[in-house]
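next come a sequence and a model predicted from it.
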Amino acid sequence: MTSKTNEAAAGTAADKAADASPQTSESKEAHEFQAEVARLLHLMVHSVYSNKDIFLRELISNAADACERLRQRALTEPELISGDETFRIRLETDKNARTLSVADNGTGMSREELIDNLGTIARSGTRAFLEGLGEAKDGQSLIGQFGVGFYSAFMVAGEVDVVSRAAGSNEAWTWRSDGQGSFTVERADLESAPARGTRVVLHLSDESVDYAQASTIERIVREYSAHVPVPIVLASETEREENEPDGEEKADKDTAAKIEEREIADGSALWTRSRSEITEEEYKEFYGHVSRQFDEPALTLHYRAEGRHEYSVLLFVPSMTPFDLFDPDRKGRVKLYVRRVFIADDVDLLPAYLRFTRGVIDSQDLPLNLSREMLQSNPVLDAIRKGVTNRVLSELQKLADNDAEKYTQIWETFGPVIKEGLYEDFERRDKLLALTRFKTTKSGDGWRTLAEYVADLKENQTQIFYAIGDNADAVKASPQLEGYRARDVEVLLLSDPVDAFWVQIALGFDGKPFRSVTQGAADLDAITLPDDEKQKEDEAGKGATADVATLVTYVKETLGDAVTDVRISSRLAESPVCLVAPEHGPDRQFEKLMSRRDGAPGGAGSKPVLEINPRHALVKSLASHLGDDAAKDFTKDAAWLLYDQARILDGEHPNDPAAFAGRLARVMKKGLG
Ligand SMILES: Nc1ncnc2c1ncn2[C@@H]1O[C@H](COP(=O)(O)OP(=O)(O)OP(=O)(O)O)[C@@H](O)[C@H]1O
């Protein structure tokens, strides 16, 4: 905060200094691009990105945003637009000069804004993404995954000039660059600068001269920008048409106007039209504008809410992961309009766990001059937020019920984010649990719902069992699952970071509580083993006598403080030992996750319980050697090795690696005779 204020103050001081000495500010100043911008530009200039047309969508969207921002500011400062209250975007092609320009009468940019906005990348997520791209060989393909913005102009232009005049200002500035690492800024002649707003002039490269053709531009606007909420006019040299009138009339025309201007998009708000009038293509095009993504929407939600509050909603669930989905600020991008006037795009209109949703919400009831404070806390907005959130969830549920395949795609893309709601949105937890899909010990390549899990409960099974770990395969291999597998009891395999959090506080589903397979007693005795497993267990159990109970006491004494308890296990089938968390307190995996997050070394904080499989051959044999004085050192080593083995199976290191190695060596030596 302080540094920002200082920067701003420094900027102002610098401006004053610059104004006082025309040599510095009037003459052309050269600036280097921020490193990430230079990287992005390099990708753009050498782009093999197949769809270069999208540069126009980016420039038009910027122009529309600038108009909408000014329209919004003018609500409280009407003088900013006096004399020219009609917003528009004007495209102009010039075949001879091989230029294309995109002009708007929106906010415009001051000299500092030109330098900041077109020389750096402000959004931390974009920066991080580009840093990540730094090493990636396939930068070209990745670039298509996020809003490439203004810099995409360099895909088609060898040089770009941006002439801008901020609304209400009496000076204009020209920004110019060839996209090769630096740009210049100089004062622009007011005569030729826009009266207000920005004109971006692209000097097209040889292979891109087609963009100086009006017909090409018109085609691209129809495809990508036809429903931008600001009208678009296209200006181009008039072509002499075959059926043009002859004689005097024609001569008049020739001298009167060489440039023809026509409206190619009317700027009407798509969301105000009724659903039945809008085609899929139109929705898709508008989605592209509003999301700046290149995929198709996986779900489109368009409706008008009436009743206590009136508002229109046009929202999209993308089919591709937005690159900034896991940005720490978890900001949504739904735009708020009030009676078709853009108000803000940074108001949280949906909970953070639905932040991947893109689109527009247009309120009929809110006042137009909403202050920042009113945006933060406002009962109408609260009601809208509630209504829209419920609607998004119910639409997702409808999709899940009617088109499982499509819903699964959404789940695979956004499931880990939606699950954040299980932790954060207590009120809607049941709805969210119904939407959640799980990998389980029975899901194979597919997914399971909790309803399916509960429908398949074993006799006497009263809980929903889960195991947490870094990935489903690793979890599946953990020894703690053996007893469940033997009884054919399904276990949820949870491997998203958020799983460890919500599962601790969720009360259950359909009256069945969640239960970790790595915590407390296994509660498996009531669930019958299938006959073949029973037979295996009986066989293995032969000889498992009171000796094992003595072994348990012995191991407990030997391990001392390293464990909370040692006990006989019902959750093991093939492995001799495993570690579990005590009945009360956090689950082991949760503790591990927390200690990793806090940067603490090692594993869990509280001491685990060591469980011993009384039917395992090694355990039985060890138990039978307990009274044997000659085997005393061996049994002690073995007790510790069992414990360390259990740690290793849990993905941890032996507590004392040197002691572990020593014991292992001794036991191996003995084994080899
Ligand atoms: N025509 C314009 N009028 C006013 N400001 C503009 C205009 N074009 C660009 N800008 C400013 O430059 C900034 C950078 O533009 P750019 O297109 O690179 O990114 P963006 O629009 O912020 O993000 P994205 O395209 O990823 O949504 C904009 O945020 C805006 O502040």
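On my side now, so go ahead.

helix or strand for the spatially most central residue of the chain, which one?
Compute the mean C-alpha point of the chain, and by CA atoms, centre = their mean the closest residue is Leu325, 1.3 Å away. Assigned by DSSP states H and E, Leu325 belongs to no helix or strand.

ok, the nearest residue to it once chain neighbours are set aside - contacts?
The shortest distance from Leu325 to any non-neighbouring residue, by CB to CB, 6 or more residues apart in numbering, is to Phe356 (6.0 Å). C-betas here are computed from N, CA, C, even on glycine. By CB atoms under 8 Å, 6 or more residues apart in numbering, Phe356 lies in contact with Val317, Pro318, Thr321, Pro322, Leu325, Thr413, Phe414, Val417.

apply 10 Å and report the result again.
291, 298, 316-318, 320-322, 324-325, 332-333, 350, 410, 413-414, 417-418 (CB atoms under 10 Å, 6 or more residues apart in numbering).

now stretch 400-413, how far from the centre of its chain.
Relative to the centre of its chain, stretch 400-413 is centred 18 Å away, using CA atoms, centre = their mean, to the nearest Å.

likewise stretch 178-188?
With CA atoms, centre = their mean, you get 34 Å for stretch 178-188.

so that it lines up with my notes, have the first residue be 27 from now on.
Taking 27 as the first residue, the last one we looked at is stretch 204-214.

identify each buried residue in it, please.
Neighbour-count burial for stretch 204-214 flags Asp204, Gly205, Phe209, Val211, Arg213, Ala214 (criterion: 16 or more other CB atoms under 10 Å).

out of these, name the ones that lie in strands.
Among the buried residues of stretch 204-214, the members falling in strands (DSSP state E) are Phe209, Val211, Arg213, Ala214.

of those, closest to Lys560?
The nearest member of those to Lys560, counting by CB to CB, is Phe209 at 77.4 Å.

next, give phi and psi for the closest residue to the ligand within the stretch 377-526 of the chain.
Residue of the stretch 377-526 of the chain nearest the ligand, by CB to the nearest ligand atom: Arg384 (11.0 Å). When read as degrees, to the nearest 10, the backbone of Arg384 gives phi -120, psi 160.

count of neighbours near the closest residue to the ligand within the stretch 277-426 of the chain?
Going by CB to the nearest ligand atom, the ligand is nearest to Arg318 of the stretch 277-426 of the chain, at 4.6 Å. By other CB atoms under 10 Å, 19 other residues sit near Arg318.

contact residues of the protein facing the ligand?
84, 88-89, 92, 130, 132-133, 135, 143-144, 173, 175-177, 224, 318 (CB under 6 Å from any ligand atom).

what about the residues you listed, which are in strands?
Short answer: these in strands (DSSP E) are Asp130, Thr224.

out of the residues of the chain next to the ligand, who's nearest Pro608?
Out of these, the member with the shortest distance to Pro608 (by CB to CB) is Gly173, at 49.8 Å.

how about stretch 651-665: buried residues?
Quick answer for stretch 651-665 (16+ other CB under 10 Å): Ala657, Phe660, Thr661, Asp663, Ala664, Ala665.

redo those residues as a markdown table? Include secondary structure, pLDDT and distance to Arg365.
A markdown table is the format used below for these (DSSP: H, G, I helix; E, B strand; the rest coil; pLDDT from 0 to 100; distance: CB to CB, whole Å):
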| residue | secondary structure | pLDDT | distance to Arg365 |
| --- | --- | --- | --- |
| Ala657 | helix | 79 | 87 |
| Phe660 | helix | 89 | 84 |
| Thr661 | helix | 89 | 82 |
| Asp663 | helix | 94 | 79 |
| Ala664 | helix | 93 | 78 |
| Ala665 | helix | 94 | 76 |
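
tell me the mean pLDDT for the helix or strand containing Leu66?
Using DSSP H and E, Leu66 falls within helix 61-71. The pLDDT scores in helix 61-71 average 80.

go on, stretch 205-219?
Mean pLDDT, computed over stretch 205-219, is 94.

alpha carbons of that stretch, as CSV, please.
C-alpha atoms of stretch 205-219 as CSV (Å, rounded to 0.1, in the frame of the first residue of the first chain):
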residue,chain,number,x,y,z
GLY,A,205,7.5,-5.2,-30.9
GLN,A,206,11.3,-5.8,-30.7
GLY,A,207,11.9,-5.0,-27.0
SER,A,208,11.3,-1.3,-26.7
PHE,A,209,8.7,1.4,-27.4
THR,A,210,8.6,5.1,-27.7
VAL,A,211,6.2,7.7,-26.4
GLU,A,212,5.9,11.2,-27.7
ARG,A,213,3.5,14.1,-27.6
ALA,A,214,0.9,13.8,-30.4
ASP,A,215,-0.5,16.6,-32.5
LEU,A,216,-3.9,17.4,-31.2
GLU,A,217,-5.3,18.0,-34.6
SER,A,218,-4.7,14.5,-35.8
ALA,A,219,-5.2,12.7,-32.4
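
how far does that stretch sit from its chain's centre?
36 Å.

likewise stretch 119-132?
36 Å.

can you mark which positions in it are buried?
Thr119, Asp120, Arg124, Thr125, Leu126, Ser127, Val128, Ala129, Asp130, Asn131, Gly132.

and what of stretch 347-357?
Result for stretch 347-357 [16+ other CB under 10 Å]: buried residues Thr347, Pro348, Phe349, Asp350, Leu351, Asp353.

which stretches of this protein have low pLDDT?
Within the chain, the segments meeting pLDDT under 70 span 27-52, 73-76, 149-152, 155-156, 158-174, 265-283, 548, 561-572, 621-631.

in it, which helix is the longest?
Using DSSP state H to define each element, the chain has its longest helix at helix 405-428.

just the CA trace of that one, in CSV.
The C-alpha coordinates for helix 405-428 follow below in CSV (Å, rounded to 0.1, in the frame of the first residue of the first chain):
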residue,chain,number,x,y,z
PRO,A,405,-28.5,-6.1,-0.2
VAL,A,406,-29.6,-6.2,-3.8
LEU,A,407,-26.2,-7.5,-4.9
ASP,A,408,-26.4,-10.0,-2.0
ALA,A,409,-29.8,-11.2,-3.3
ILE,A,410,-28.5,-11.5,-6.8
ARG,A,411,-25.4,-13.4,-5.7
LYS,A,412,-27.6,-15.8,-3.8
GLY,A,413,-30.1,-16.3,-6.6
VAL,A,414,-27.5,-16.7,-9.3
THR,A,415,-25.3,-19.1,-7.2
ASN,A,416,-28.3,-21.3,-6.6
ARG,A,417,-29.2,-21.2,-10.2
VAL,A,418,-25.7,-22.1,-11.4
LEU,A,419,-25.7,-25.1,-9.0
SER,A,420,-29.1,-26.3,-10.1
GLU,A,421,-28.2,-26.0,-13.8
LEU,A,422,-25.0,-28.0,-13.1
GLN,A,423,-27.2,-30.6,-11.4
LYS,A,424,-29.6,-30.7,-14.3
LEU,A,425,-26.7,-31.2,-16.6
ALA,A,426,-25.4,-34.0,-14.4
ASP,A,427,-28.8,-35.7,-14.4
ASN,A,428,-29.4,-35.3,-18.1
